[in-house]
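Peer 1: missing the sequence, but the structure's below:
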């Protein structure tokens, strides 16, 4: 990975990762749409209005630095500490935080973690440690590496609960050495987030800290325009892999669910129907129970607001290469005692399942990734701060 | 209760209740907004377009008669059986069903239950049996009786999961002997449902069978106009009591939660903020865990789309006569180690809690009733049909 350094350090509840570029790198970013924004989000939004290139990102876990007195000063303090260590300007450093809301940042501990992350950074790159240091309730570190000829892409993410379209509650950092223009990078980020992170849901809650950054330092000397198609595909793979990892690691999740809505009358209808099914507690608990309860899927599509005729639709359950029609042309095939129901019950035991819903009302399609709702989700979230 | 007879019979999964008026009674009704509607809902909507007065309602539990082949014939068959027993016209009988979706009605069993409910009806009225026979996952029968001078009001309801504003997944039957005009009755029903059942949420899912009926037979000979204020208040009490009962009996619910949003810029904003908090899985699990996690409330208001300044708002926790400010004028009072947090933790142990959120952005107010998300909710809904 030309010109990038990254490493992290975590101890107890608190961790810090540092991402550093040896040369100023173009940065595009998107942030939470929540009206309540964490201080680092506000700080980054201000910085990104002023300039296009940055040298580093410092990220802490354990405290969201959101809705706290003096939170902006704490975010700037993080810039300052890193600025001294790396000997770069404060304004060249972006900041992100994840963890509990409304608790004052323990700056002594954060400073200690920053210094220890920096010590590791000096010794070399470690993708796994970088990903690990920013975990909160995540159960595994999330990162992915891709090569397009001589161009490198690295992606690092965290996320576990509060994962929802628009956008997932998460942090994501994608680094590449491709040579690219700022507007190209902005467009790419927008497109990728729309296709991946805005399509995932764990619990329908949207957090105060969601941030996705992409950093391009150009050091490969290979121009994006020359490898556009391969690069776009590889970048999509990076975003899509991280998005799927986040859902699979959804708090307490035991199963991965994909919902594809076809034949919608409009783009909005396809999206509404997808989101309604992926967020339905009754669908999520049925998936947990291994119950091919298509009635709940039908009801969720029914109250989504999407236009369709219930007498015409298909609902298909798919897992791996196998698939079975639960409902076909509005007729229930997975009825009590049917072969379809038996097959469906077998497929529902798999860890990854897809529901394909054909509304037969038009030509629009959308999809969403989600997970089941489990005892473990309730446990994690009822015991979180107490 | 002048001129009304009601009774019910349940055995195993299947029950039937019959409500009968000795004279034709005015009926107003509202139904689910789900695009997928159960056959009895479609049948009732057709009947209510044609005429204003009815003699009876027959209700079964155990099967929703939704998305089934021949479901309309089954609904009409229920009319026919009751028509013969009561010796009234088929067209004078309304039908409602609740239970599993997509399973053919077991008409032999339903016929048996109708006959047994009729035998009981002949022997006299029994409000508790009427309410019991239509229960599904409900853990207690829901009914309420009110008197306004010489006028009677009786309300019966069922509901447990799939409870959501617009409207709650539930069945409700309100009977009164007041003398009233059809348009007055229509307006009253609309107003009451808006204030009560459209303000409750268990899991955010909207069912295919939701129906609320009000039946007025006029036999008290007391004119609604003469007792308008007292009657409206009593009727509101009936609807509100049933709505609260439904939420308290939400699947697996261990705690009752009320959310009041004040100071909203618009009616829509107040409603959006209420619904966002009452439906947030993170708020619901925090309530289950007894955790005064105001950060999750703040985040839910933040992503609701309502307009407000996070630096100005109040978040108050109330239970019984006691209350405590978690956030005041945008400042966190329930901080680690604070008296406020200790008091909040104590109040969160109560079975009934209220969150009051003052957005300080205008003069509009709204409220919603909901419940916590528990292990028991996951168990009930993951094991429902399997």
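Peer 2: Right, received. Where do you want to start? Because the structure is predicted, anything quoted here is derived from the model rather than measured.

Peer 1: Please list all residues in contact with the residue of the stretch 101-250 of chain A found nearest chain B.
Peer 2: Nearest to chain B, among the residues of the stretch 101-250 of chain A, is residue A:101, at 3.1 Å (Cβ to the nearest Cβ). Glycine gets a C-beta too; all of them are placed from N, C-alpha and C. Neighbouring residues of residue A:101 by Cβ atoms under 8 Å, 6 or more residues apart in numbering or on different chains: A:38, A:64, A:66-67, A:208, B:295-296, B:298-299.

Peer 1: Point me to the helix or strand that includes the spatially closest residue to it that is not a sequence neighbour.
Peer 2: Closest residue to residue A:101 apart from its sequence neighbours, by Cβ to Cβ, 6 or more residues apart in numbering or on different chains: residue B:295 at 3.1 Å. Residue B:295 belongs to helix B:294-302 when assigned by DSSP states H and E.

Peer 1: who touches that helix?
Peer 2: Contacts of helix B:294-302 (Cβ under 8 Å, 6+ apart): A:34-36, A:64, A:66-67, A:100-102, A:162, A:205-208, B:261, B:273, B:276-277, B:280, B:282-283, B:286, B:308, B:310, B:313, B:315, B:317, B:326-327, B:332, B:334, B:355, B:357, B:359.

Peer 1: quick one: which of those sit in strands?
Peer 2: A:100, B:261, B:315, B:317, B:326-327, B:332, B:355, B:357 (DSSP state E).

Peer 1: could those be laid out in JSON lines, adding pLDDT?
Peer 2: As requested, the ones in strands among the contacts of helix B:294-302 are exported to JSON lines (pLDDT from 0 to 100):
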{"residue": "A:100", "pLDDT": "83"}
{"residue": "B:261", "pLDDT": "97"}
{"residue": "B:315", "pLDDT": "97"}
{"residue": "B:317", "pLDDT": "98"}
{"residue": "B:326", "pLDDT": "96"}
{"residue": "B:327", "pLDDT": "95"}
{"residue": "B:332", "pLDDT": "91"}
{"residue": "B:355", "pLDDT": "98"}
{"residue": "B:357", "pLDDT": "98"}
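
Peer 1: Quick one: buried ones out of the residues you listed?
Peer 2: A:100, B:261, B:315, B:317, B:326-327, B:332, B:355, B:357 (16 or more other Cβ atoms under 10 Å in any protein chain shown).

Peer 1: Helices along the stretch 101-250 of chain A, start to end?
Peer 2: A:107-123, A:127-133, A:182-195, A:228-248 (DSSP state H, counting those that start in this stretch).

Peer 1: Remind me which helix or strand the closest residue in space to residue A:285 that isn't next to it in sequence belongs to.
Peer 2: What sits nearest to residue A:285 in space, not counting adjacent residues and going by Cβ to Cβ, 6+ apart, is residue B:381, at 3.6 Å. Element membership for residue B:381, per DSSP H and E: helix B:375-382.

Peer 1: Give me the neighbour count for residue A:228.
Peer 2: 13 (other Cβ atoms under 10 Å in any protein chain shown).

Peer 1: Report pLDDT for it.
Peer 2: The predicted local confidence for residue A:228 comes out at a pLDDT of 97.

Peer 1: next SSE after the helix or strand residue A:24 falls within?
Peer 2: Assigned by DSSP H and E, residue A:24 belongs to strand A:14-31. Going down the chain from strand A:14-31, the next helix or strand is helix A:39-50, by DSSP H and E.

Peer 1: That next one to strand A:14-31, inter-axis angle?
Peer 2: 50 degrees (axes from the mean of the first three to the mean of the last three Cα atoms, to 10 degrees).

Peer 1: is helix A:39-50 up against chain B anywhere?
Peer 2: No - Helix A:39-50 is not in contact with chain B by Cβ under 8 Å from any Cβ of the partner chain; minimum separation 10.9 Å.

Peer 1: Go ahead and measure how far that helix is from the middle of the chain.
Peer 2: Distance of helix A:39-50 from the chain centroid (Cα atoms, centre = their mean, to the nearest Å) equals 20 Å.

Peer 1: what sits up against it?
Peer 2: Under Cβ under 8 Å, 6+ apart, the answer for helix A:39-50 is A:27, A:29, A:31-32, A:37, A:54, A:65-66, A:68, A:71-72, A:74-76, A:78-79, A:91, A:94-97, A:208-211.

Peer 1: Tell me the buried residues within the residues you listed.
Peer 2: Using 16+ other Cβ under 10 Å, the buried ones in the contacts of helix A:39-50 are A:27, A:29, A:31-32, A:37, A:54, A:65-66, A:68, A:71, A:74-76, A:78-79, A:94-97, A:208-211.

Peer 1: what sits against the closest residue to residue A:121 other than its chain neighbours?
Peer 2: Excluding its sequence neighbours, the residue lying closest to residue A:121 (Cβ to Cβ, 6+ apart) is residue A:7, at 4.2 Å. Residue A:7 makes contacts with A:17-18, A:117, A:120-121, A:123-126, A:129-130, as judged by Cβ under 8 Å, 6+ apart.

Peer 1: if we go to 7 Å?
Peer 2: A:18, A:117, A:120-121, A:125-126, A:129-130 (Cβ atoms under 7 Å, 6 or more residues apart in numbering or on different chains).

Peer 1: Just the buried ones from those residues, in ChimeraX syntax?
Peer 2: The buried residues among the contacts of residue A:7 can be selected in ChimeraX (16+ other Cβ under 10 Å) with this line:
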select /A:18,117,120,121,126,129,130
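
Peer 1: Which residue ranges make up the domains of chain A?
Peer 2: Domains of chain A are assigned by automatic domain parsing as A:4-248, A:256-382.

Peer 1: export these to TSV and tack on distance to residue B:22?
Peer 2: What follows is the domains of chain A, written out as TSV (distance: least, Cβ to Cβ, whole Å):
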stretch	distance to residue B:22
domain A:4-248	49
domain A:256-382	37
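
Peer 1: returning to that earlier point: next, give me the two most distant ones among the ones in strands among the contacts of helix B:294-302.
Peer 2: A:100 and B:261 (24.2 Å; Cβ to Cβ).

Peer 1: hang on, the earlier thing: the residue nearest to residue A:121 bridge partners, please.
Peer 2: When bridges are called by DSSP bridges, residue A:7 pairs up with residue A:18.

Peer 1: Same question for residue A:143.
Peer 2: In beta-bridge terms (that is, DSSP bridges), residue A:143 pairs with residue A:156.

Peer 1: Low-confidence stretches in chain A?
Peer 2: A:161-169, A:204, A:384-386 (pLDDT under 70).
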